[in-house]
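S.K.: Generate a structure from the sequence data that follows.
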Amino acid sequence: MVSLSSGRVRWIRVRIGILALALIAGAAAVAHGAWDLGVVRSGELSEMAQEQYTRRITLSARRGMVTDRHGEELAVEVEVESVYADPRKVESPQAAAVALAPILSKDQAGLLAKLSNSERHFVWLKRRVAPAIAEQVRALDLPGVDLVKESKRFYPNRSLASHVVGFAGIDSQGLEGVERRFDERLRGNKEAARGLIDARGRVVFAENPFAGDGLVGQNIELTIDRTLQYITEQELASAVRTFEAKSGHVVVMDPHTGEILALANWPTYNPNAIGESSAATRRNRAVLDVFEPGSTFKVFTLSAALNAGAIRPDDMIFCERGRFEIYDAAIHDDHRDGWLNPTQCLKRSSNICFAKIALKLGKRRLYHYLRRFGFGERTHVHLPFEMRGTMNHYKKWYDIDAATTAFGQGIGVTGIQMTTALSAVANGGRLMRPLLVKRVLSPEGDTLRTFAPEARRRVISRYTARLVGDMMTAVTEDGGTGTEGSLDGFLVAGKTGTAQKSEGAKGYQEDKWVASFLGFVPADKPRLAISVVIDEPVINHYGGTVAAPVLRRIADQALRYLGVSPRETAKKKKKKPSKDEPERPADGEIERLDGEQAAQLNEPPALGPGQVRAPDLTGLSMAQALDELDGLGLRPVFMGTGAAVDQVPPPGDPVDSGDYVQVNFQPLVEAAGGAKADADGS
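M.R.: Okay, here's the model as predicted:
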């Protein structure tokens, strides 16, 4: 047995101790490192690891559909592929840019800049490409370049209802039309989708990027009828091309509910190819273009005057033989008419007649009724950027302003305003809010919100509305200005408009016109209210020739589509007067009644506080008329020279003390001769 010296034993123990300490220190270092990696830096290292083998890409949610009133699709989402790259994995940016540029129709330098950005893991090269382009990119098999599926907005009917539906941008944001107005409901939510990288560096989604309710938008159901929209667009385009016009727009509405069945503009565009369209073609003119309506506006002046009692259906108005002076301004008619009743004034579209009606109604009441009809304010249709039109307050009007406003000059309106106001006449006097959206639906088809018809206010009485509708049918009958708007088997209530385009302070343009026609059909039981506006036609500029046939053709096809059967319209019979009722004068005659009959027809209204009755100034000279008015505390407005032949307000009507009375004079010889000619019916 070998014995070790005590010194050697101590050395062995020292060596064992050192080795143990080294092992302990190593174990401690390993444990510290493990602690550092597994606990202290775990989050940091996990993120680094995920960065190497996962990608998070923010994708647009699947937008909801837009459909017509019958569920026919107007805007949908389709699945397409987008091209992206991981610049860190691209082996040759130059070669990749050269190969991709012609396929993607991109600038080579721009692609090279993206592919050379080694600080980024992900860049889009081109989004939502056609299937053929996707196959070409896939065939190149370029390292670091791949494709991912996304949703793309698609409009299956191309340009149909494009101004109504609008369009969405590359990032699925609504930019025009209903797409913009209801963007929040349609787009759903944007979320980042997580993907794994396979052995070749391609992204493979580990989860469905469009799963969950938040990534699918709600659906919008419109009041538009796709068939009626197609009919309207075709007829509008035909008219614009035929008369070589600059543009045009048509609105078709259900007058009882305010639902817009069709809204068409020309020129139009294809929302699937936004890059090929201009701002002018994308302009929704029916809600954005403000224009002077011209004679179509007379419908609303007449409605106001009849409802206010300023005139009656059997009143006779002298139309001044085609020229009427107000201070230093003159109003002209194309026809040299004498005495006409309101129906004849509307039928012959007399500016002078409606100027006199406006002056008799008064500026305040005229303004009040026009605002009640919705002019000068937005209709609040479900479309962005709607214009309110232009109409000065009546306190800023002179008499000539009230007169010209009455026949549609000096006021600015939109197509949607005119159709909405017309619907109030057609439906019995209620101003409806125009409806473009019926329902908002969940992705599963459940109704989330319904937009019900809304009557904003009553404008005129049911009696007045029916009366004006009957008068409007005269416009489309023989001798009216809108005979081209008549429709076999149906009564058409219509009104033509031919307005020169204004240049503001410069006056009116000689060779630029707006031709328009508005009406409702059938006149006795209205189903459709339609306004047609053709801007700057060249071949012809009269509303009765350019715009009226458009309404007729739309109404003809639409009524057949809606199943409204034509029926024989009974010929109007002239009412035989009773012995107690005087016969109304024939066209061009002066009415002559004895005292008892006149009292029966013209029972004067009661006087209010501070009112006097307008005196009868007929036949008086200016000096005599001035004395009569001055004695009653009334202020004169004299037109013409000679003997008084007409006045506003008429004799016996209540007038506020200090108010104006307008008196029209004619030279004595001319007045006498004119009266004789009228009486003879020439």
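
S.K.: care to break this structure down by domain?
M.R.: Domain assignment for the chain, taken from automatic domain parsing, gives 55-222, 227-436+455-562, 608-680.

S.K.: Format the ones you listed as JSON lines; extra columns: mean neighbour count, mean pLDDT and distance to residue 15.
M.R.: C-beta: built from backbone N, CA, C; applies to glycine. Formatted as JSON lines, the domains of the chain follow (neighbours: other C-beta atoms under 10 Å; pLDDT from 0 to 100; distance: least, C-beta to C-beta, whole Å):
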{"stretch": "domain 55-222", "mean neighbour count": "18", "mean pLDDT": "80", "distance to residue 15": "51"}
{"stretch": "domain 227-436+455-562", "mean neighbour count": "21", "mean pLDDT": "93", "distance to residue 15": "83"}
{"stretch": "domain 608-680", "mean neighbour count": "16", "mean pLDDT": "69", "distance to residue 15": "127"}
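
S.K.: Same list, those, but as JSON lines with distance to residue 443 please.
M.R.: Listed next are the domains of the chain as JSON lines, based on distance: least, C-beta to C-beta, whole Å:
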{"stretch": "domain 55-222", "distance to residue 443": "4"}
{"stretch": "domain 227-436+455-562", "distance to residue 443": "21"}
{"stretch": "domain 608-680", "distance to residue 443": "62"}
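
S.K.: Of all those domains, which one is nearest residue 21?
M.R.: Smallest distance to residue 21 across the domains of the chain (C-beta to C-beta): 45.8 Å, for domain 55-222.

S.K.: Could you check how far that closest one is from the centre of its chain?
M.R.: Relative to its chain's centre, domain 55-222 lies at 31 Å (C-alpha atoms, centre = their mean, to the nearest Å).

S.K.: what's the answer for stretch 383-395, then?
M.R.: That offset, for stretch 383-395, works out to 13 Å (C-alpha atoms, centre = their mean).

S.K.: Show residues contacting it.
M.R.: Residues external to stretch 383-395 that are found in contact with it (C-beta atoms under 8 Å, 6 or more residues apart in numbering): 164, 176-178, 180-181, 284, 287-290, 363-364, 366-367, 370-371, 375-380, 401-402, 405, 410-414, 416-417, 436.

S.K.: What ranges does the stretch 1-150 of the chain have for its helices?
M.R.: The residue ranges that make up the helices of the stretch 1-150 of the chain, judged by DSSP state H, counting those that start in this stretch, are 6-35, 42-53, 93-104, 108-115, 131-140.

S.K.: Need those in JSON lines (columns: distance to residue 607).
M.R.: Output for the helices of the stretch 1-150 of the chain, formatted as JSON lines (distance: least, C-beta to C-beta, whole Å):
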{"stretch": "helix 6-35", "distance to residue 607": "104"}
{"stretch": "helix 42-53", "distance to residue 607": "90"}
{"stretch": "helix 93-104", "distance to residue 607": "84"}
{"stretch": "helix 108-115", "distance to residue 607": "83"}
{"stretch": "helix 131-140", "distance to residue 607": "83"}
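
S.K.: so which of those comes closest to residue 451?
M.R.: helix 131-140 (38.3 Å).

S.K.: Can you check what angle separates the closest one from helix 93-104?
M.R.: On the basis of axes from the mean of the first three to the mean of the last three C-alpha atoms, to 10 degrees, helix 131-140 is oriented at 160 degrees to helix 93-104.

S.K.: SS state for the one residue sitting closest to the centre of the chain?
M.R.: Centre of the chain computed as the mean C-alpha position; nearest residue by C-alpha atoms, centre = their mean is residue 287, 3.0 Å away. Three-state assignment for residue 287 (DSSP: H, G, I helix; E, B strand; the rest coil): helix.

S.K.: How about it: what's its closest non-neighbour residue?
M.R.: residue 386 (4.7 Å; C-beta to C-beta, 6 or more residues apart in numbering).

S.K.: now that neighbour: how far from residue 27?
M.R.: Residue 386 sits 78 Å away from residue 27, going by C-beta to C-beta, to the nearest Å.

S.K.: returning to that earlier point: next step: the contacts of stretch 383-395 restricted to helices.
M.R.: 164, 177-178, 180-181, 287-288, 363-364, 366-367, 370-371, 401-402, 405, 416-417 (DSSP state H).

S.K.: Next, report how far stretch 419-429 is displaced from the centre of its chain.
M.R.: Chain-centre distance of stretch 419-429: 17 Å, with C-alpha atoms, centre = their mean.

S.K.: Could you number the chain from 29 rather than 1 from now on?
M.R.: Got it, the first residue is 29 from now on, which makes the last one we talked about stretch 447-457.

S.K.: CA atoms only: put it into CSV for me.
M.R.: In CSV, the C-alpha atoms belonging to stretch 447-457 read as follows (Å, rounded to 0.1, in the frame of the first residue of the first chain):
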residue,chain,number,x,y,z
THR,A,447,-88.0,66.1,-58.6
THR,A,448,-88.6,66.2,-54.9
ALA,A,449,-90.7,69.4,-55.2
LEU,A,450,-92.6,68.0,-58.2
SER,A,451,-93.4,64.9,-56.1
ALA,A,452,-95.1,67.1,-53.6
VAL,A,453,-97.5,68.3,-56.3
ALA,A,454,-98.0,64.7,-57.5
ASN,A,455,-98.6,63.1,-54.0
GLY,A,456,-101.2,65.6,-52.7
GLY,A,457,-98.9,68.3,-51.2
